[in-house]
Structures are given as structure tokens and as C-alpha cells.
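Peer 1: using only what follows, build the 3D model:
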Amino acid sequence: MIEAYAIALKAENKNPEPGFKEWFYRRYEPKLKYYTHTQGNCKDERLKKFKLCKKKVPQNHTLEITNMHLGVLSILNDRESFEKELELWDLYLITMTKSGAFPLEAQRGALAIGYTAKTIMGLMKMAHIAEIQGYNLWDRKHDKEYQNL
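Peer 2: Numbers count the residues shown, from 1 in each chain. Just a heads-up that it's a prediction; the model follows:
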């Protein structure tokens, strides 16, 4: 719903309703840590391997909430927060293996292909949202040449 609202406002060149920001964050902030799965401990060896301790963990819930938040930030013209949310792109791509797998999604048993497909679609959506705001995620460079979509 939020993403559709953002698209409609941009398409009609309109501003959000007064009080939208307060309304949104009153609902979003209390659930932010839960939905973004920020890790405080580092018992999982995979989190240590990718240096993800105390960071957002790249997985499907995080990607969905980040894309929704990017839509809101674009409505609010909050460039600084928008740029910070784009860090999730980098967290995902640094975990990508040479074969193109996202190991934190690919290990999910029989549902792994579905989670991987959802992740790729979410990353493409993020890249398009960013592109509209003037950011080119497609050409971002990471340590390894294969860490890109």
C-alpha cells in the first residue's frame, strides 16, 4: 500500500497528506528492529564470515521492509536516510557466491529457490527505486567482480 501511495504521489507530482510522516513512523519504528532482524550477537558462523554482526541481516523480511521504507523516504525527500537504507544492497551483494547464490537464502531447504527468486526480484525493485531517485546501484563495484546482479 505504501509503495502504491509513493508511486501515485510521484506520478501526480503531489505531496503526502499532512501528518503522513508522523503516522508512518508511529507504526514503523516500534517494529523496525523486529522486521530488520538486526543481529546483536554473533553466534551464527555465517554472520561472522560476512561480518554482519550488529548489522541488518540480508534476508527476505529485511528486503521487503527496506523497499517500503525507501518509498516513504522518497515521498519525504529524505536523501540522507534514503542513502543509508541503500546499504542493504551492499550487504546482499557481499554475501553472493561465485555461482550467484545468496547463501543466507539458499540454505533454506526445499524453499530455497523461492527465497532466492524473491531476493533477486526485491533487489531489482530496490535498484529501480534508487534509479528514480538518481542512484545507480547496477554499476556499484564490490570486492569481487561477480558480486553484482
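
Peer 1: could you pull out the helices in the chain for me?
Peer 2: Applying DSSP state H to the chain gives helices spanning 2-12, 20-36, 45-49, 60-76, 79-85, 87-95, 103-106, 112-132.

Peer 1: and of these, who's closest to W138?
Peer 2: helix 112-132 (5.7 Å; Cβ to Cβ). Bear in mind the C-beta positions are built from the backbone N, C-alpha and C, glycine included.

Peer 1: contacts for that closest one?
Peer 2: Under the criterion Cβ atoms under 8 Å, 6 or more residues apart in numbering, residues 10, 58-60, 63-64, 66-67, 70-71, 74, 86, 88-89, 92, 101-102, 105-106, 108, 136-138, 149 lie in contact with helix 112-132.

Peer 1: got a quick PyMOL command for the buried subset of those residues?
Peer 2: Of the contacts of helix 112-132, the buried ones can be selected in PyMOL as follows, counting by 16 or more other Cβ atoms under 10 Å:
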select buried, resi 58+59+60+63+66+67+70+71+74+86+88+89+92+102+105+106+137
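
Peer 1: one step back: want to throw the helices of the chain into JSON lines with mean pLDDT and distance to H142?
Peer 2: Output for those, formatted as JSON lines (pLDDT from 0 to 100; distance: least, Cβ to Cβ, whole Å):
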{"stretch": "helix 2-12", "mean pLDDT": "83", "distance to H142": "27"}
{"stretch": "helix 20-36", "mean pLDDT": "78", "distance to H142": "21"}
{"stretch": "helix 45-49", "mean pLDDT": "71", "distance to H142": "16"}
{"stretch": "helix 60-76", "mean pLDDT": "87", "distance to H142": "17"}
{"stretch": "helix 79-85", "mean pLDDT": "92", "distance to H142": "17"}
{"stretch": "helix 87-95", "mean pLDDT": "87", "distance to H142": "5"}
{"stretch": "helix 103-106", "mean pLDDT": "80", "distance to H142": "15"}
{"stretch": "helix 112-132", "mean pLDDT": "90", "distance to H142": "13"}
